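[1] Okay, predicted coordinates and the sequence, questions at the end:
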Amino acid sequence: MPAYATTEEANTYFASRLHIEAWMRASTCDKGKALDMATRAIDRTPLKGVKASYDQANQFPRYPDAEVPQAVKDACCEEALALLERGNSQRRKLQQEGVASFSVGGLSETYVAGARGGGLISQEAKELLRPWLLGAVSIT
């Protein structure tokens, strides 16, 4: 399954973006892995419509598009950055395990029901993908 964005496309995207330290520190190999993982996360997200072609590997492009939209490539970059920054955090691991809340000393944290750490971790990626997300409504 090819990633929605190449490492070169992501480097170009991030050239005009702030707070990309995790991307800059990552090796070329890890950047590619992050883009691959981001693509898989996007493809696991419930989407409106159908694939443009039944035999394509990825979920995008979606019918009637013939190409992957730039917003999807940008979302892939944003999700890859989020994965490099916090994809293996203790908080994410707890959510994936179904923990609803925990306390350490005087600090406590409660997670939103259904926020089990699956799907996309980048809010920016979610916003970029909003037109294709199942259940998303456009407000104008």
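    On my side now, so go ahead.
[2] Gly49 reaches Asp65, doesn't it?
    No: with contacts counted by C-beta atoms under 8 Å, Gly49 stays clear of Asp65, the gap being 9.3 Å. The way it works is simple: take the backbone N, C-alpha and C, and place the C-beta from them, glycine included.
[3] tell me the mean pLDDT for stretch 106-125?
    Stretch 106-125 shows a mean pLDDT of 69.
[4] Repeat that for stretch 132-140.
    Mean pLDDT, stretch 132-140: 73.
[5] Low-confidence stretches in the chain?
    The model of the chain has pLDDT under 70 over residues 88-100, 102, 108-118, 136-140.
[6] try it again with 90
    For the chain, the stretches flagged by pLDDT under 90 are 1, 86-119, 134-140.
[7] At which residues are the helices of it located?
    7-14, 21-25, 28-44, 70-86, 90-96, 123-129 (DSSP state H).
[8] Quick check: which of the ones you listed is buried the most?
    Mean neighbours per residue, mean count of other C-beta atoms under 10 Å, is largest over those for helix 70-86, with a mean of 24.
[9] Tell me which other helices or strands that one touches.
    With contacts taken as 3 or more C-beta pairs under 8 Å, 6 or more residues apart in numbering; DSSP states H and E, helix 70-86 sits against helix 7-14, helix 21-25, helix 28-44, helix 123-129.
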